[in-house]
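Novice: Provided below are the primary sequence and the corresponding predicted coordinates.
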Amino acid sequence: MIKDKVVIITGASSGIGEATAKEIAAKGAKVVLGARREDRLRQIAEDISAAGGEAIYQVLDVTKPEDNAAIVARAKDRFGRVDAIFLNAGVMPVSNVSALKTAEWKQMVDVNINGVLNGVAAVMPEFLAQKSGHILAVSSVAGLKAYPGTAIYGGTKWFVRDFMEVLRMEAAMEGTNIRTATLYPAAINTELLETITDKQAADGMQGLYQTFGIAPDRIAKVVSFALDLPEDVTVNEFTVGPANQPW
Ligand code: NDP
């Protein structure tokens, strides 16, 4: 059950993270919001409180291990424990490989891969000690299929898929009682496209999202469903997109 679960959300300052925070807080979860933009986090926490929910926030750069440790410590200080972490922070500055936007390649690896690893490393000792915990992560349809323009972004999301599947297997083999859920969203209307600097890639994505994009609260409901599942259920393939989407 979601009620009273303490859930850390990375990338909670907009899009899927914000929608998820509001959705699960409305169902009684105690949410701990993390991202870099403090003003946005403060506003979202205030919105949740005004609606009768419980939320705190902590400025978090997922690429920094110490920030990940700090948000876990903040959750424990305030709520006494951590039940779940939603590893959602991500960037998507897509472009063809020939554009050689190497700084953006590095940024995607740092945020989308190292950010996930840092979050897991920060929370795993708590989950092992309490013999329970739920790790949820956002991959993408780009983590299931190859799309031109997404060699690096897609690669980071293929990593998330592999990592989460192995984590699920190891948790079962080790009997740690750590559960996993991995999401594969398609086109979701958020701020994600704003990270694209390559004009051709941006134009292509804009068209796609205008035609097929759906609202982030659709993903929030899937996260909520996963959190609400019985303790002996772990789900590794939630592919989420509208019925008319061609992939
Ligand atoms: P948004 O751009 O709206 O949200 C991204 C979030 O990540 C923001 O809260 C941002 O906060 C945070 N973030 C970025 N860099 C960092 C960092 N270094 N440290 C901490 N937080 C960071 O996009 P979405 O909501 O769409 O994206 C959420 C996830 O969903 C991403 O992993 C994305 O790859 C994935 N996804 C999205 C799809 C879509 O179509 N929108 C489809 C498939 C997957 P801040 O800038 O304040 O740090």
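Specialist: Structure's in. What do you need?
Novice: residues from this structure in reach of the ligand?
Specialist: 10-17, 35-37, 40, 60-63, 88-92, 111, 138, 140, 185, 187-188, 190-192, 216 (CB under 6 Å from any ligand atom). Glycine gets a C-beta too; all of them are placed from N, C-alpha and C.
Novice: among the residues you listed, which are in strands?
Specialist: T10, A35, V138, P185 (DSSP state E).
Novice: before we move on, back to that, out of the residues of the chain next to the ligand, which are inside helices?
Specialist: G15, I16, G17, R40 (DSSP state H).
Novice: the third one is in contact with V7, isn't it?
Specialist: No - when contacts are counted by CB atoms under 8 Å, G17 is not listed as touching V7 (11.1 Å).
Novice: joint contacts of the two?
Specialist: Common contact partners of G17 and V7 (CB atoms under 8 Å, 6 or more residues apart in numbering): F86.
Novice: from the ligand, how far off is Q206?
Specialist: Relative to the ligand, Q206 is positioned 12 Å away (CB to the nearest ligand atom, to the nearest Å).
Novice: and that residue, how many neighbours does it have?
Specialist: 13 (other CB atoms under 10 Å).
Novice: again, but for L193
Specialist: 18.
Novice: nearest residue to it other than its sequence neighbours?
Specialist: M205 (5.4 Å; CB to CB, 6 or more residues apart in numbering).
Novice: can you check F159 too?
Specialist: I113 (5.1 Å).
Novice: hang on, K221 packs against I24?
Specialist: No - assessed by CB under 8 Å, K221 is found out of contact with I24, at 9.8 Å.
Novice: between those two, which one's more packed in?
Specialist: I24 (28 against 15).
Novice: quick check: that one touching L33?
Specialist: No - in this structure, I24 is not within contact of L33 by CB under 8 Å, at 11.3 Å.
Novice: mutual contacts of the two, please.
Specialist: With CB under 8 Å, 6+ apart, I24 and L33 have no common neighbours.
Novice: before we move on, back to that, quick one: which of G17 and V7 has more around it?
Specialist: G17 (29 against 25).
Novice: which ones are touching F79?
Specialist: Contacts of F79 by CB under 8 Å, 6+ apart are V6, K30, V32.
Novice: mind running it again at 7 Å?
Specialist: F79 sits next to V6, K30 when contact means CB atoms under 7 Å, 6 or more residues apart in numbering.
Novice: go on, the one 10 residues further on?
Specialist: Counting by CB under 7 Å, 6+ apart, A89 makes contact with T10, G11, A35, V62, V111, G115.
Novice: neighbour-wise, give me the winner out of those.
Specialist: Result: T10 is most packed of the contacts of A89 (other CB under 10 Å), 29 neighbours.
Novice: wait, isn't D4 in contact with A25?
Specialist: No - D4 is not in contact with A25 according to CB atoms under 7 Å; the separation is 11.4 Å.
Novice: these two: who's more crowded?
Specialist: The neighbour comparison of D4 against A25 (other CB under 10 Å) goes to A25, with 25 against 11.
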